[in-house]
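Asker: how would this look folded up:
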Amino acid sequence: MAYTTIDKSSLFFNSKLYTGTGNSNAITGVGFQPDWIWIKNRSSTSNHHLIDAPRGITKELRPNLDNAEADDNQLITAFGSDGFTVGTSGSGNTNGDNYVAWNWKANGSGSSDTTGSINTTKTSANATSKCSIVTYTGSGSNATVGHGLGVVPASIWVKCTSNAGEDWMVFHKAIGATHYLTLNTTAGDNSGGEVIWNDTLPTSSVFSIGTNGKVNTNGRTYVAYLFAEVKGFSQINRYFGNGQADGAYTYTGFKPGWIMIKRADAAGDNWLMLDAKRQGYNGGSGATQGNLNLTADQNATEGNEALVDIYSNGFKIKTADTKINGSGNGYTYWAFAENPFVTSTGIPTPAR
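Answerer: Below you'll find the model as predicted:
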């Protein structure tokens, strides 16, 4: 009996910790050549940085800001077969500072997809992990865009790369196509009178966009990051808080290697980011008795709070804090595996 399509999650997603040197530095041990890298300085106040293969290695975006795409030829200078090389940019390599890089594998630089009414500039989709990176130019008319996943995506993040002042738009299957979340703000699930997804759910071949400038102004350029769920590797869903320190348990079917949580039913709470490499959970002590966490919508340094326990098949909330466990509150989450709970051959792989 097959339990999962991915037995080794680290071939498609992996977190990597490193310390800056101030000089060119090859970061290895990722386990694959990444197509999308998300870097954050853990030690000091600094923006998040996203680099992907379809847009090119010198182009960076900042998910905590509404800025346009910027050039930085010294943030990442090379993608390698087992990681990447950071240059001399302080954004990713300040001497002595600690960094985390989250890495996803798509399908290289990609190629044009003509499935939708807008032909994409590049679509880089991984058929196994169901991760896709799409670049396109807006038409200014209601449109569809091909994503290459072959299945319905559970989440879509879109950012205008050519113009500043446009927020990151987030589709999540739990809130539907008439609403959206905003990655760079603490706003909750809302429509705000703006039609982002043309009130149309994505299909196995395309996602829909309206005429809002955040996703589709004529002549502007955009990037979209899409994820579908894969058993044993990724889960994109929601849970409801109980307001107690003994909080909700969420079954994922794998040991989460990365979790992002956002309260969706009200504004005011940050996008919490946790991963198993930085640890600080499950009864840790001293400096790591809480969870070492970052917030996607802020440039803040790493925090340390008791938030979750991570298990071989899911995660459990361990605080009554309303940002993660308010009574009756709804929380969207994104989780990627460190390893599956059960392999494709039916062999359990308990958390180490």
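Asker: what ranges do the helices span in this protein?
Answerer: Remark: helices assigned in the chain by DSSP state H are 90-93, 322-325.
Asker: could those be laid out in JSON lines, adding mean neighbour count and distance to T123?
Answerer: Every C-beta, even on glycine, is put in place using the N, C-alpha and C of the backbone. Formatted as JSON lines, these follow (neighbours: other C-beta atoms under 10 Å; distance: least, C-beta to C-beta, whole Å):
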{"stretch": "helix 90-93", "mean neighbour count": "24", "distance to T123": "26"}
{"stretch": "helix 322-325", "mean neighbour count": "22", "distance to T123": "34"}
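Asker: same list, these, but as CSV with mean pLDDT please.
Answerer: Shown next, in CSV, are the helices of the chain (pLDDT from 0 to 100):
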stretch, mean pLDDT
helix 90-93, 96
helix 322-325, 94
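Asker: let's have these in a markdown table, adding distance to T332.
Answerer: What follows is the helices of the chain, written out as a markdown table (distance: least, C-beta to C-beta, whole Å):
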| stretch | distance to T332 |
| --- | --- |
| helix 90-93 | 28 |
| helix 322-325 | 12 |
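Asker: nearest approach to Y18 belongs to which of the ones you listed?
Answerer: helix 90-93 (8.7 Å; C-beta to C-beta).
Asker: so what touches that closest one?
Answerer: Helix 90-93 has contacts (C-beta atoms under 8 Å, 6 or more residues apart in numbering) with 20-23, 25, 39, 41, 46-47, 49, 60, 72, 75-76, 86-87, 99, 101.
Asker: same thing but at 7 Å, please
Answerer: Helix 90-93 is contacted by residues 20-22, 25, 39, 46, 49, 72, 75-76, 86-87, 99 when judged by C-beta atoms under 7 Å, 6 or more residues apart in numbering.
Asker: which one of the residues you listed is nearest to P202?
Answerer: If you rank the contacts of helix 90-93 by distance to P202 using C-beta to C-beta, H49 comes first, at 27.1 Å.
Asker: which residues does that closest one bridge with?
Answerer: In this entry, H49 is beta-bridged to I39, by DSSP bridges.
Asker: give me the number of residues near it?
Answerer: By other C-beta atoms under 10 Å, the residues close to H49 number 24.
Asker: same check, this time on N299
Answerer: Number of residues near N299 (other C-beta under 10 Å) recorded here: 16.
Asker: roughly how far is stretch 202-222 from the heart of the chain?
Answerer: 19 Å (C-alpha atoms, centre = their mean, to the nearest Å).
Asker: may I see the buried residues of that stretch?
Answerer: 202-203, 205-212, 214-217, 220-222 (16 or more other C-beta atoms under 10 Å).
Asker: between the helices of the chain, which one is nearest to V151?
Answerer: helix 322-325 (29.2 Å).
Asker: can you list the weak-confidence ranges in the stretch 251-352 of the chain?
Answerer: For the stretch 251-352 of the chain, the stretches flagged by pLDDT under 70 are 279-290, 339-352.
Asker: show me where it has its strands.
Answerer: Ranges of strands in the stretch 251-352 of the chain, per DSSP state E, counting those that start in this stretch, are 254-263, 272-275, 291-295, 303-305, 308-311, 314-317, 330-340.
Asker: how about a markdown table for the ones you listed, with mean neighbour count added?
Answerer: As requested, those are arranged in a markdown table below (neighbours: other C-beta atoms under 10 Å):
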| stretch | mean neighbour count |
| --- | --- |
| strand 254-263 | 25 |
| strand 272-275 | 24 |
| strand 291-295 | 24 |
| strand 303-305 | 16 |
| strand 308-311 | 22 |
| strand 314-317 | 21 |
| strand 330-340 | 24 |
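Asker: turn those into CSV, columns for distance to G29.
Answerer: Converted to CSV, the strands of the stretch 251-352 of the chain look like this (distance: least, C-beta to C-beta, whole Å):
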stretch, distance to G29
strand 254-263, 14
strand 272-275, 15
strand 291-295, 19
strand 303-305, 25
strand 308-311, 21
strand 314-317, 24
strand 330-340, 14
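Asker: figure out which of the ones you listed is closest to T120.
Answerer: Nearest to T120, of these and by C-beta to C-beta, is strand 330-340 at 22.9 Å.
Asker: pLDDT at N163, what is it?
Answerer: Note on N163: pLDDT of 97.
Asker: do Y180 as well
Answerer: Looking at Y180, its pLDDT reads 97.
Asker: which members of the contacts of helix 90-93 are positioned in strands?
Answerer: 25, 39, 49, 76, 86, 99 (DSSP state E).
Asker: tell me which two of those sit farthest apart.
Answerer: N25 and H49 (15.3 Å).
Asker: hang on, the earlier thing: just the buried ones among the contacts of helix 90-93, please.
Answerer: 20, 25, 39, 46, 49, 72, 75-76, 86-87, 99.
Asker: just flag the most distant two among the residues you listed.
Answerer: Largest pairwise distance in the buried ones among the contacts of helix 90-93, by C-beta to C-beta, is 16.7 Å, between N25 and S46.
Asker: next up, the contacts around the closest residue to T121 other than its chain neighbours.
Answerer: Counting by C-beta to C-beta, 6 or more residues apart in numbering, T135 is the residue found nearest to T121 once chain neighbours are left out, at 4.4 Å. Residues near T135 by C-beta under 7 Å, 6+ apart: 54-55, 120-122, 221-223.
Asker: check what pLDDT T135 gets.
Answerer: 98.
Asker: how close does G96 sit to Y311?
Answerer: 34 Å (C-beta to C-beta, to the nearest Å).
Asker: again with T182
Answerer: Using C-beta to C-beta, T182 is found at 31 Å from Y311.
Asker: brilliant, that's me finished.
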